[in-house]
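*Asks:* got a predicted model here, sequence first, then my questions.
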Amino acid sequence: MDANVVTAVNSLTSRWARTLAPDNTVISGLGLWPLLALLATAADEPGRSELAAAADVDASTAARDAVDLIHTLDESADLHAALGVWVSDQLKLSESFDTVLPTELTGTLTGDPSADKAKLDAWAAQHTDNLIREMPLEVSPDLAVVLASALSLRTTWTRPFREQIKRVPTGPWSGNWHWLDRTDPDLDTVRVYDDPVAGPLTVVTVQGDADVDVLLGIGSPETPHSDVLAALVTAAASPASGRPGSILITQAEPSEALAPALTLAQTTSPKPDVSLNLPSFNVAADHDLLPLHELFGLTTVTRPPGREGHFSAISPTPLVVSQAKQSVLARFYATGFEAAAVTAMGMMRASVPTTQSLRLDVSLTRPFAFTAVHRSTRLPVVTGWIQTPTEPE
């Protein structure tokens, strides 16, 4: 896979993560990026440049990069990925349509909201293994184009967790929780990163049995959650930059804190190991992306366009992005992890502003004069006055 695309997806994810509120939530920058890339190739200026900058991609190759990314992901053992494109059967397409959207046309929109919704929902369910069963768009008769991506993953831990009910006596999580714990002989599943913004960050890698791992990151209590999220994305992109557990274990005494949530402890095991415990979690979120239109390069293409529209390469009919949404979920449990995301962009026909000019409106509703003039000499031939209308009703 192109390293520039990986960097671009990580950058988008990090910037988006910094905007999140401190609530249970989840996002998929990977689900959003291909749609921004497709739009970047399809859009006219200035929207083209805005989208390309948001996706950190060359607009001329962005659509092909998006398709290649989805194909690469779909070849993974644990991941499934798909792109979908639907257009209204009443929309005239430009000759360049297949070039700017180089992915197979998934289907057509009939303008019947119930039928179109059923079609879109079925696609979302199919490509997320029923983890997400609805397309996150409002389906209406004026929906002209839909672009969507779907991601799903399921992985099983190489070392499963033990399940128990644990009581946390103090702190923000005081109470009884469904808890997971396990030990791992691989000390280097723990690394500590010194992020220039977030400070020290403890990261634990939970290995899946195929080609997906889950990284868990925690910073100091006073570190803003947005900085921790962004630092974890950075750490995931360059794992070797962290200090591994096999080194950390030699740098402290028992009961000494090494990093956030990481302490050196004594064990009866014959060899050093890593003890990991955390609550199981199941989190789902729905995101409206338009309030973050500047972050995602959607500012221009969501505004009423000029006569030519924002996407003349898709259709000569002026189009505007009217919806941009994502539904996403993640579940971490004793034996594995599963996640899914459906991201969708909806376009509608835009009302085209008409050219207006000034008009002088004269209404003769009371007595008036008249004259007939010889054009070349300007001599008046007859002149008169009308006191009342002379033609009958």
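*Replies:* The structure has been received and is ready for your questions.

*Asks:* ok, now which ones touch the residue lying closest to residue 208 once chain neighbours are set aside?
*Replies:* Nearest residue to residue 208, sequence neighbours excluded (Cβ to Cβ, 6 or more residues apart in numbering): residue 155, at 3.3 Å. Just so you know, the C-beta spots here come from the backbone N, C-alpha and C atoms, and that holds for glycine as well. With contact set as Cβ atoms under 8 Å, 6 or more residues apart in numbering, residue 155 has these partners: 78, 208, 209, 210, 212, 213, 214, 336, 337, 338.

*Asks:* again with residue 34
*Replies:* 66, 67, 69, 70, 83, 149.

*Asks:* can you verify the fifth one is assigned to a helix?
*Replies:* Going back to what we said before, that points to residue 83. No: per DSSP: H, G, I helix; E, B strand; the rest coil, residue 83 lies outside any helix segment and is strand.

*Asks:* show me the domain layout of this protein.
*Replies:* 3-156+282-349, 186-272 (automatic domain parsing).

*Asks:* for residue 166, which of the ones you listed is the nearest?
*Replies:* domain 3-156+282-349 (13.3 Å; Cβ to Cβ).

*Asks:* now do the end-to-end distance for that closest one.
*Replies:* 37 Å (Cα to Cα, to the nearest Å).

*Asks:* for it, the distance to its chain's centre please.
*Replies:* Its chain's C-alpha centre and that of domain 3-156+282-349 lie 7 Å apart, by Cα atoms, centre = their mean, to the nearest Å.

*Asks:* mean confidence for it?
*Replies:* Domain 3-156+282-349 shows a mean pLDDT of 94.

*Asks:* again, but for stretch 262-275
*Replies:* 90.

*Asks:* just how off-centre is that stretch within its chain?
*Replies:* 41 Å.

*Asks:* may I see the buried residues of that stretch?
*Replies:* Going by neighbour count (16 or more other Cβ atoms under 10 Å), the buried part of stretch 262-275 is 262, 264, 273, 274.

*Asks:* give the bridge partners for the last one, please.
*Replies:* This means residue 274. Taking DSSP bridges as the rule, residue 274 bridges to residue 184.

*Asks:* how close does it get to residue 178?
*Replies:* When Cβ to Cβ, to the nearest Å is applied, the distance between residue 274 and residue 178 equals 21 Å.

*Asks:* ditto for the second one
*Replies:* Using Cβ to Cβ, residue 264 is found at 28 Å from residue 178.

*Asks:* now residue 48
*Replies:* Distance from residue 48 to residue 178, by Cβ to Cβ: 48 Å.

*Asks:* which of these two has more neighbours?
*Replies:* residue 48 (23 against 14; other Cβ atoms under 10 Å).

*Asks:* residue contacts, the more buried one?
*Replies:* Per Cβ under 8 Å, 6+ apart, neighbours of residue 48: 40, 41, 59.

*Asks:* please report phi then psi for the closest residue to residue 160 other than its chain neighbours.
*Replies:* Distance criterion Cβ to Cβ, 6+ apart; nearest residue to residue 160, sequence neighbours excluded, is residue 335 at 4.8 Å. Per-residue torsions, residue 335: phi -100, psi -10 (degrees, to the nearest 10).

*Asks:* and residue 335, how many neighbours?
*Replies:* Residues near residue 335, counting by other Cβ under 10 Å, number 11.

*Asks:* returning to what we had before: right, and the domains of the chain - which one's nearest residue 168?
*Replies:* Nearest to residue 168, of all the domains of the chain, is domain 186-272, at 13.1 Å by Cβ to Cβ.
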